[in-house]
Each structure stands twice: as structure tokens, then as C-alpha cells.
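Participant: Pasting a predicted model and its sequence here:
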Amino acid sequence: MKEESLRSIQYIKVPRGMRVESGAFRLDPEIMLPVQLRPGETRLRAEDISMEAIVSGMLTVIAYDEAGRNTQYYKDFVMTVDPTLPEELNKAAIAKEKQKDYDFAEELFLAVYHLLPQSASCINLATLYSYMAVDAADRKDGEKEDECLLKAKHTLLDGLRRFGENPELLAEISSFEAYLGNLEDAREYLERYMECAEEGEKKQEMKKLLQRITIQMENDESIKEAYDFIMLGENGKAITAASGFIERNPGVWNGYFLRAWALRKEGRFSDARNDLMECLKLGERSGDIYNELSICELEAGDRELAKTYLETAADLDPDSLTIASNLSYLYMQDGQYDEAREYLEKARFLSGSDEMVHSLIAEYEKATGEKIGELIHEEIVHDDADGGSSDDDAYAAEIAEIEKDGIPDEHGCCCGHHHHGEER
């Protein structure tokens, strides 16, 4: 948009007879004036030259070439011609934003921000970029989304550079960082906001946000601690850490899952199953939960329910090598070779070089007398709509291990958007 807009500008000498004077401003005949070409035109005609076209050209330069040699002169020119122009442009920009004419809105907001820099115009521009990012996300354009989010952040940081410890900007950038999940940065900006903001309703709202972020960060640490204890084999400590998290957050599934994992590894299968059921009651459905449930039921002697849980896990996570291998293993043990072959082929498709897969193939061939030939590639189509992991927390980890009974199991836990407000 920037290059296209600047290409629509042509420069002329100051027209004879032009008068623009007010206060300290005087026309400089040595400075060429930018003129906005009409849409679709590539050449400037004499009849196209007007004060409106000149001001329009100047606004484009102000928007996209703020550091230009003559830009300050153009700013003074525009403000002399019409001191109310920033307000009019801002209204037009808001209207274009609502119509989702984002390119035009961006040029207008940029012109306002550069013409009359204020914290409000900075926030308006950053908010536009956030809306553009959301629109790009809706269109599955990840590259454009990232570009717009980066523009929003750079705009807010530019505002802090221009205006210093400005409460409105600090509140905005803290909310923006929280939206992105950058909790440490969000907390830092909020603490700076608290130091300079006046008491009032806005400050009370930001205090609540700071409290939520602090609690979230503390909870993330608790989740990480429980996970790390499990990885170190210190299951008792993991159970204690997860229990503390559950006490503070009884409505969050992650704590129950981690405690169930540690309980299962301790051989406390009934207690583990209770926690896993609590995850389901809280609305979380993932292959990891059902995989753990299958292990608990297997240890309790209910092989059919164990296989049912693994089937559900496979539906939720069709790309899990571990789950496909586990199902193939169980079906082979029970002599259900057609089912075993189905999941063995899936496992082989996901990773034909995996040692466990090779072992299962050898076991299948020995048991059935069938020789499994070359890998037949098939497309595994699945819908993630029901099987996506939760975003409630910002921590993710995946591990795979081989249990003492020879069945591998896999776990992934996700721990941890707030779109910053509009100020017009």
C-alpha cells in the first residue's frame, strides 16, 4: 500500500498566484508540492491541480515518509490550510475501519498520527493493526497476521519513545502483550503503568489484569514444577505440586492431568482414573487423557474398555504414533489380527523407521504367518475440530516413554487472548 500510494504522487512547482500564509508559515517557492493523481491516472493534467489534490498528496507523504526532507514543511502547510483536518481525518479513518477498508484506514490513521502525534492517535493506529491481524487470522493468512501484529507492537513502542511513560500507552501495550501471551512483558508494562497512572476506574481495571497475570504466571510455574518432577521420576513431589495447583485452580484441567499421570506412574490406578475423569468433566478431551485412561483400565483388568479408550484417543489424535502402536499391540495380544493390522499400518505410515513399529511387524508376521510388504501410503484425513488442545495455559510439553509392561505411552500437556481496547 505504501509504495502504491507514493507512486500516485507527482510533484509540481508552486503554482503562480498561490497564497498560503498564517502566523509563522510562509510558502517556499523552492519546495516542490506533491499532487495526488486521480484514481487510474498515471499523468498529471493541468485541470487536476487543485488545493484539494495538493493537500491529499501531502497527506500521503506525511503518512508514509515521515522522515522525508520536506515532510515537516508539508505538515505546516496542511495545518495552515485547515487546522481541523486531523479531527476530520480521524473520523474518516474510523469509518473506513468499520467498513474493513483497512488499507485506506491505515493511510488516514498514519497521516493523523504523523500530522499531530498524540497517544490517542498512536493507540488508534495500533488498534487498527490489531483488527487487521484478526481479519488475516480469519482468512488463514498467518504471514499477514504476524505482519500486522508486529506493526501494532512497533506503533505502541514508537508511542512510548515519543511520549515517555504515558499511562494510556502503557495500559494498551500491556493488554496487547497479554493478548499475545507474553505475560512477563505484560506485567512489566503494567507495573510501569501503576507508577504513573492516576487513581480511577481504569487503574482499578488494570490492577485486576495485573493480578490475573501474576496468578497465571505463578500457576504456570506450578505446572512446570509438577511436570519437571515427573520427568525426574519424583512422582510424589509431582503429586504434591499438582495438588497445590488444583487447590488454587479447581476448575482447570491441567492440574488433574498431571496428578493423574504421576499417580498412574506410582501405581495408584484408581486415583489416577478419578483425576482423568475430572479432566473430562471439565470439558477437556485429548488423546493423552484417553491414553492414560486405557493404561489404568488395562491395569484394572478391563482390556475391552482399555481398547475403547485407545480407539477414542486415536480418533482425537490420529497422528499419534504411540496410540496407533498401543492399539496394534493390544489387539495382537488378544488375537484380533485384522484390527491389529489396521493400526499397525497406521503406525507404519506415521513412522516406518520406528523400532517399536519394526518389533510389532515382526510379532504380527510371526503370529499370523503373513508377510507385510512394502509400505502402502494412504492419506489419513481427520478433523481437528473436536480434538484441539486447550489454550487456557501457555505451557506445552511432549514426552514419549516405554512402560514396564512394554506398552509405550505419550503425553502432551498444554498450560495457558484479550484484544486490547479501542480508544477513540
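Facilitator: Alright, I've got the coordinates.
Participant: Any stretches of the stretch 201-350 of the chain with poor pLDDT?
Facilitator: Regions of the stretch 201-350 of the chain meeting the criterion pLDDT under 70 are absent.
Participant: where exactly do the helices run in it?
Facilitator: 201-231, 235-248, 253-265, 269-281, 287-300, 303-316, 321-333, 337-350 (DSSP state H, counting those that start in this stretch).
Participant: among these, which is the most enclosed?
Facilitator: Mean neighbour count (mean count of other C-beta atoms under 10 Å) peaks for helix 253-265 among these, with a mean of 26. The C-beta positions use only the backbone N, C-alpha and C, and glycine is treated the same way.
Participant: Can you name the residues in contact with that helix?
Facilitator: If you take C-beta atoms under 8 Å, 6 or more residues apart in numbering as the criterion, helix 253-265 is touched by 222-223, 226-227, 229-230, 235-236, 238-239, 241-243, 245-246, 249, 269, 271-276, 278-279, 282-284, 288-289, 292, 295-296, 390, 392-393, 411, 413-415.
Participant: That helix relative to helix 235-248, how many degrees between them?
Facilitator: 150 degrees (axes from the mean of the first three to the mean of the last three C-alpha atoms, to 10 degrees).
Participant: Distance from helix 253-265 to the middle of the chain?
Facilitator: 27 Å (C-alpha atoms, centre = their mean, to the nearest Å).
Participant: Alpha carbons of that helix, as CSV, please.
Facilitator: Provided in CSV are the C-alpha atoms of helix 253-265 (Å, rounded to 0.1, in the frame of the first residue of the first chain):
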residue,chain,number,x,y,z
TRP,A,253,-8.0,-29.5,33.9
ASN,A,254,-4.2,-29.4,33.6
GLY,A,255,-3.5,-30.0,37.3
TYR,A,256,-5.7,-33.1,37.3
PHE,A,257,-4.0,-34.5,34.3
LEU,A,258,-0.5,-34.1,35.7
ARG,A,259,-1.5,-35.5,39.1
ALA,A,260,-3.2,-38.4,37.3
TRP,A,261,0.0,-39.0,35.3
ALA,A,262,2.1,-39.1,38.4
LEU,A,263,-0.4,-41.2,40.3
ARG,A,264,-0.5,-43.8,37.5
LYS,A,265,3.3,-44.0,37.5
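Participant: and the angle from it to helix 269-281?
Facilitator: 160 degrees.
Participant: hang on, the earlier thing: can I get the helices of the stretch 201-350 of the chain in CSV with distance to K140?
Facilitator: Below are the helices of the stretch 201-350 of the chain laid out as CSV (distance: least, C-beta to C-beta, whole Å):
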stretch, distance to K140
helix 201-231, 28
helix 235-248, 35
helix 253-265, 28
helix 269-281, 30
helix 287-300, 24
helix 303-316, 22
helix 321-333, 27
helix 337-350, 25
